[in-house]
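*Asks:* pasting the structure only:
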Ligand code: GCU
């Protein structure tokens, strides 16, 4: 077991473009003063953290069905076809439900298995046996789908290529919005199939898939646990923090900026966001708004110490800021972060930590000691507000 220590990442340059906006402050200048008021403010935050960032989201479908294609049962990968959309037009995609064996399910004491939803079936790691077994061995299912069946992920191909845009032409979502919709349709399907513990649904994904998991989990409250892994800019990395660093004495790298993201992958995002390139300090939100939308459910932000493009310091600072909302809602224990030694990847270690959180929730497991460590000295918060007194 390897531990992170604060000397691992040498931060050589660190620019803060502005303080983090106060998530408790309503647009009319009044401030949240109760749980009910937070629910209203959360709805207001949706406008900036979701619609301004990712576009208007595809709605819940009018037409929905699930067809079994190959269902060998426990201990196997079971394949379903999900079809969803409007009365005029639908889209179909596959969901692969990996089910633990009867022996692996013994730890559940007769309860249905928790389930991890992950849209990264287009990535190689999602096929990796050790990756899958980390959860299956603890009696946890995987519901995997390939998000690119909903919207293409081809750089420089232009905006809105892929079938979901044809189903919902009147909404402005980019690829991340389309992919996030897939997470929610998998939850619909899992609820219908009745094979999983629907009180313990976790969303995860890596990098662009992590941005997707964060977006899907912020919106869909059926996700009890939301685990974006190394998302870079556009979810957990902070737009207002730019950093350079060297990891374990290696060559210096820098964090991804809003301008980088828009230049290379603008089609992932919503059409209003480009107005803020090079003007990040004017954004009415930052990553802590999206993170706070998960509260009081569980948010687990996993990063890698050497993933400098993902903005480790900015990710930590916005998680820390979102922590005020978790605290306000009495859910401080539901916010965790983990920095893994190493570079950009969805690693078995990351899954192990997610599995630990699932086991804590479902069967009182002890928390892993590796949570909350930082690979750099603890930076000063970049906010001039705290949670209101509840
Ligand atoms: C690029 C991009 C990131 C993204 C990553 C990935 O590095 O700049 O925003 O997260 O690709 O998805 O692997």
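*Replies:* Thanks, I have the structure now. What you see is a predicted model, and the numbers here were worked out from it, not measured in a lab.

*Asks:* Every contact and neighbour count from this point should use C-alpha atoms.
*Replies:* Noted.

*Asks:* Near the ligand, which residues of the chain are found?
*Replies:* With the criterion set to C-alpha under 6 Å from any ligand atom, the chain comes near the ligand through 207-208, 231-233, 261.

*Asks:* who's in contact with the closest residue to residue 126 other than its chain neighbours?
*Replies:* Among residues not flanking residue 126 along the chain, residue 120 sits closest, at 6.4 Å (C-alpha to C-alpha, 6 or more residues apart in numbering). Taking C-alpha atoms under 8 Å, 6 or more residues apart in numbering, we find residue 120 in contact with 126, 144-147, 205-206, 209.

*Asks:* Each with direction, which strands does the helix or strand where residue 300 lies pair with?
*Replies:* For residue 300, the element it lies in under DSSP states H and E is strand 298-304. Strand 298-304 sits in its sheet next to strand 225-229 (parallel), strand 335-340 (parallel), going by DSSP bridges.

*Asks:* For the residue positioned nearest the centre of the chain, give its distance to residue 316.
*Replies:* Closest residue to the average C-alpha location of the chain: residue 214 at 2.3 Å, with C-alpha atoms, centre = their mean. Note on residue 214: its distance to residue 316, by C-alpha to C-alpha, to the nearest Å, is 15 Å.

*Asks:* ok, the residue nearest to residue 61 when sequence neighbours are not counted - contacts?
*Replies:* Closest residue to residue 61 in three dimensions, ignoring its sequence neighbours and counting by C-alpha to C-alpha, 6+ apart: residue 85, at 4.7 Å. Neighbouring residues of residue 85 by C-alpha under 8 Å, 6+ apart: 60-64, 91, 167.

*Asks:* ok, now residue 262?
*Replies:* 269, 274, 277.

*Asks:* And those residues, which is the shakiest by pLDDT?
*Replies:* Minimum pLDDT across these is recorded for residue 277, with 94.

*Asks:* quick one, what contacts residue 32?
*Replies:* 24-26, 38, 41, 388.

*Asks:* what secondary structure does residue 223 sit in?
*Replies:* Put simply, residue 223 is coil when judged by DSSP: H, G, I helix; E, B strand; the rest coil.

*Asks:* Now do it against residue 299, distance only.
*Replies:* Going from residue 223 to residue 299 by C-alpha to C-alpha gives 10 Å.

*Asks:* so where is the stretch 51-200 of the chain shaky, pLDDT-wise?
*Replies:* Scanning the stretch 51-200 of the chain for pLDDT under 70 picks out nothing.

*Asks:* Please, where are all the strands along it?
*Replies:* For the stretch 51-200 of the chain, the strands defined by DSSP state E, counting those that start in this stretch cover 63-70, 77-85, 90-98, 115-118, 141-145.

*Asks:* can you check the stretch 201-350 of the chain too?
*Replies:* With DSSP E, counting those that start in this stretch as the criterion, the stretch 201-350 of the chain has strands spanning 201-206, 225-229, 241-247, 253-254, 298-304, 335-340.

*Asks:* Of all those strands, which one comes closest to residue 16?
*Replies:* Of all those, strand 241-247 sits nearest to residue 16, with 4.7 Å by C-alpha to C-alpha.

*Asks:* Contacts for the closest one, please.
*Replies:* 8-17, 252-257, 305-306, 308, 311, 313-314.

*Asks:* hmm, which of these are the buried ones?
*Replies:* 8-11, 17, 253-257, 305-306, 308, 311, 313-314 (16 or more other C-alpha atoms under 10 Å).

*Asks:* Please narrow those residues to those residing in helices.
*Replies:* Counting by DSSP state H, the part of these found in helices is 313-314.

*Asks:* Taking the buried ones among the contacts of strand 241-247 together, which two end up most distant?
*Replies:* Greatest spacing in the buried ones among the contacts of strand 241-247, by C-alpha to C-alpha: 8 and 17 (24.8 Å).
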